[in-house]
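J.: Give me the fold of what follows.
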Amino acid sequence: MNQPTLNSGGGFFRARIDLSYDGTNFSGWGKQRDQRTVQGEVESALFTLFQQNLETTVAGRTDAGVHATGQVFHVDLPDIDQGDLVYRLNRILSDEIRIKSVQKVSSDFHARFGALRRHYIYKIIDGNRAIDPLKRFDIAPWYRELDIEKMNKAAEMLIGERDFFSFARFRENSTTIRDLQRFTFSRDESGLITAEISADAFLYNMVRSLIGAMVYIGEGRFPVDWAREVLERKERPSDSIVFPARGLTFVGVDYPEDSQLAARVAKTMALRKSNNDADEQDDE
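T.: Model (predicted):
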């Protein structure tokens, strides 16, 4: 549904907005003073349409240079007729950001706390192969050949609810326990390697650190069980393990049925509180 009915007497309605963006020239999703961010651009466009400040809440807060094809945020919009919001917002926004849909949803919908899981992909060209110039913004190069069979074996050892302290930037008063639900690598006929990784939520730099660990295993620098052992010992590898943002794309987020939204939000908020989690957003 791309055009909500906006005539219910001057109140507000909750909108779920799906979007994609090229993160190359943005300092991530979250607003920062004197920095160009996706949230800043989106909220500026909303102000232009509605002439008031409207705060957005995103499903997964992406870091500088990270892209998205399946990002979701919610915002409470004035219930006044602004016509086709998708068209009007895209006319205001730069071509680096595209609104895909606007849906009128229940007030129980919460883009962040209602999410069941987030999905990312990471793209790599190995063996010092050349990257097509038109694809250079979302593929990371690697100079050595990679054995994806070893990488898949290593990745499988990390599946489940675990403490990912070793593969994330530390943030005080934040839990580092996450449920990693999918982590696989595949290679297409052109040689492009694509990692697919899904979890209930991600920590800051978690995906790119895990990718780096798998690459080091895939090139033979470490044995297959190295990443699992690092995780279990709660060691922190060098920051050089964090792979470039350009290869990472947020591709989707799953939500429960409408009837289960309120319960999911309550459960997530209670879990965060019990863990004394001060992290404002899940970052990548």
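
J.: My guess is Asp147 contacts Gly220. True?
T.: Yes. Counting by CB atoms under 8 Å, Asp147 sits close enough to Gly220 to count as a contact (7.3 Å). C-beta: built from backbone N, CA, C; applies to glycine.

J.: which ones are touching Val38?
T.: Tyr21, Gly23, Phe26, Gly28, Trp29, Thr62, Ala68, Ile97 (CB atoms under 8 Å, 6 or more residues apart in numbering).

J.: Looking at these, spot the one nearest Asp188.
T.: Nearest to Asp188 among the contacts of Val38, counting by CB to CB, is Ala68 at 21.6 Å.

J.: my read is the closest one is in a strand, agree?
T.: Yes. Counting by DSSP: H, G, I helix; E, B strand; the rest coil, Ala68 is part of a strand.

J.: What does the pLDDT read for Ile80?
T.: With respect to pLDDT, Ile80 scores 83.

J.: Distance check, it against Ile92.
T.: From Ile80 across to Ile92, the span is 17 Å (CB to CB, to the nearest Å).

J.: Which of the helices or strands spans the residue nearest to Pro256 when sequence neighbours are not counted?
T.: Residue nearest to Pro256 in three dimensions, not counting chain neighbours: Arg264, with 5.0 Å by CB to CB, 6 or more residues apart in numbering. Taking DSSP states H and E as the criterion, Arg264 maps to helix 261-274.

J.: what residues does that helix touch?
T.: Ser106, Asp108, Phe109, His110, Phe113, Gly114, Ala115, Leu116, Thr175, Tyr255, Pro256.

J.: Run a quick neighbour tally on the first one.
T.: For Ser106, the neighbour count with other CB atoms under 10 Å is 14.

J.: wait, isn't it in contact with Phe13?
T.: No. Checked against CB under 8 Å, the pair Ser106 and Phe13 is beyond contact range at 9.9 Å.

J.: ok, now how distant is the closest residue to Val75 other than its chain neighbours from Asn90?
T.: In this structure, Val75 finds its nearest non-sequential neighbour in Thr56, 4.7 Å apart by CB to CB, 6+ apart. Distance of Thr56 to Asn90, given as CB to CB: 16 Å.

J.: do Leu248 as well
T.: Taking CB to CB, one finds Leu248 at 24 Å from Asn90.

J.: Among the two, which residue is more densely surrounded?
T.: In this view Leu248 and Asn90 are compared by other CB under 10 Å, and Leu248 has more residues nearby, 27 against 17.

J.: Could I get the contacting residues of the nearest residue to the more buried one once chain neighbours are set aside?
T.: Leaving aside its chain neighbours, Leu248 sits nearest to Val66 (4.8 Å; criterion: CB to CB, 6+ apart). By CB under 8 Å, 6+ apart, the contact list for Val66 reads Gly23, Gly28, Ala245, Leu248, Thr249, Phe250, Glu284.

J.: picking that back up, buried among the contacts of helix 261-274? Make that a PyMOL selection.
T.: The following PyMOL line selects those of those that are buried, judged by 16 or more other CB atoms under 10 Å:
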select buried, resi 108+109+110+113+114+115+175+255
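
J.: Looking at the contacts of helix 261-274, which has the smallest pLDDT value?
T.: Thr175 (87).

J.: mind checking which helix or strand it is in?
T.: Going by DSSP H and E, Thr175 is not in any helix or strand.

J.: Ramachandran coordinates for it?
T.: When read as degrees, to the nearest 10, the backbone of Thr175 gives phi -70, psi 140.

J.: What distance do you get for it to Phe165?
T.: Distance, Thr175 to Phe165, by CB to CB: 10 Å.

J.: cool, Thr69 as well?
T.: Taking CB to CB, one finds Thr69 at 29 Å from Phe165.

J.: Next: Leu261.
T.: Plainly put, Leu261 is 31 Å away from Phe165 if you go by CB to CB.

J.: the more surrounded of those two?
T.: Neighbours per residue (other CB under 10 Å) separate Leu261 from Phe165, with Leu261 holding more: 19 against 16.

J.: Quick check: chain neighbours aside, which residue is closest to that one?
T.: Here the residue nearest Leu261, using CB to CB, 6+ apart, is Asp108, at 4.1 Å.

J.: That neighbour looks like it's in a strand, true?
T.: No. Counting by three-state DSSP, Asp108 is not found in a strand; it is coil.
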